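[1] I'd like to go over a predicted model; first the sequence, then the structure.
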2 protein chains.
Amino acid sequence: MADINSVAPAGWESAKGSAAPSMSKKFTFDRYGVTREFLDRVADLSEEDGYHPNISFGTTYVNITIDARDGETLGNADRAFAEAVDRLARIDD
Amino acid sequence: MADINSVAPAGWESAKGSAAPSMSKKFTFDRYGVTREFLDRVADLSEEDGYHPNISFGTTYVNITIDARDGETLGNADRAFAEAVDRLARIDD
């Protein structure tokens, strides 16, 4: 997993069962309102960036999986997207 | 799966790997804008209803899993929620 480790920001881990190299991270929140705010922010980021990660969520958690954009190797654009998501998770309640 | 069949609307199937009885359905859309509109509608429905399903989505698909609210048996409230989700998926583009 040298590939993942060299690119993924802290807390992002190799995703299981993905075809392309990918990294995923789970974010948890105290209540649904904060979860939804985070999801809305990620959706806006996706539209700006033109990249849409795979997302799973429930009331108080969000799992985000970022696949390698080129289908082969996680690169700087993938890392930048992950870092942007990390920033969006810092929601002042 | 008599339980699922008697309660789940058409197209909803028994979810794999869930602890409580649950039903899930995959919705696909032509493009992200429609996917997001659907997600927003489901989020509004969840807030009105006070029930939050587990949702997975990517650019053009949304998987929704509804767990039995009472933790034991899928009932009328679960069925009504599924039917409401089905109605929300009819998005005029």
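    Noted; the coordinates are in hand.

[2] going forward, measure contacts and count neighbours with C-alpha atoms only.
    Noted.

[3] around the closest residue to chain B within chain A, how many other residues sit close by?
    Ranking the residues of chain A by distance to chain B (C-alpha to the nearest C-alpha) places residue A:56 first, at 3.9 Å. Per other C-alpha atoms under 10 Å in any protein chain shown, the neighbour tally for residue A:56 reads 19.

[4] isn't it up against residue B:57?
    Yes - Residue A:56 is within contact range of residue B:57, at 6.4 Å (criterion: C-alpha atoms under 8 Å).

[5] follow-up on the earlier one: list the contacts of the helix or strand containing the residue of chain A closest to chain B.
    Taking DSSP states H and E as the criterion, residue A:56 maps to strand A:54-57. With contact meaning C-alpha atoms under 8 Å, 6 or more residues apart in numbering or on different chains, strand A:54-57 is reached by A:62, A:63, A:64, A:65, A:66, B:54, B:55, B:56, B:57, B:58, B:59.

[6] out of those residues, flag the one nearest to residue A:22.
    residue A:66 (5.4 Å; C-alpha to C-alpha).

[7] related to what we said a few turns ago, identify the farthest-apart pair in the contacts of strand A:54-57.
    A:66 and B:54 (19.2 Å).

[8] which one of the two has more residues nearby?
    residue A:66 (25 against 17).

[9] pull the residues that contact the host helix or strand of the more buried one.
    Under DSSP H and E, the secondary-structure element containing residue A:66 is strand A:61-67. The contact list for strand A:61-67 (C-alpha under 8 Å, 6+ apart) reads A:15, A:20-29, A:35, A:39, A:53-57, A:74, A:78, A:82.

[10] give me the subset of these that lies in helices.
    Using DSSP state H, A:35, A:39, A:78, A:82 are the members of the contacts of strand A:61-67 that sit in helices.

[11] shouldn't the third one be in contact with residue A:69?
    Which is residue A:78. Yes - if you go by C-alpha under 8 Å, residue A:78 and residue A:69 touch, sitting 7.0 Å apart.

[12] looking at the two, which is more packed in?
    Shown here are residue A:78 and residue A:69; by other C-alpha under 10 Å, residue A:78 has more neighbours (22 against 18).

[13] mind listing what the more buried one touches?
    A:66, A:67, A:68, A:69.

[14] just the element for residue A:51, please.
    Applying DSSP H and E, one finds residue A:51 in no helix or strand.

[15] so residue A:6: helix, strand or coil?
    helix (DSSP: H, G, I helix; E, B strand; the rest coil).
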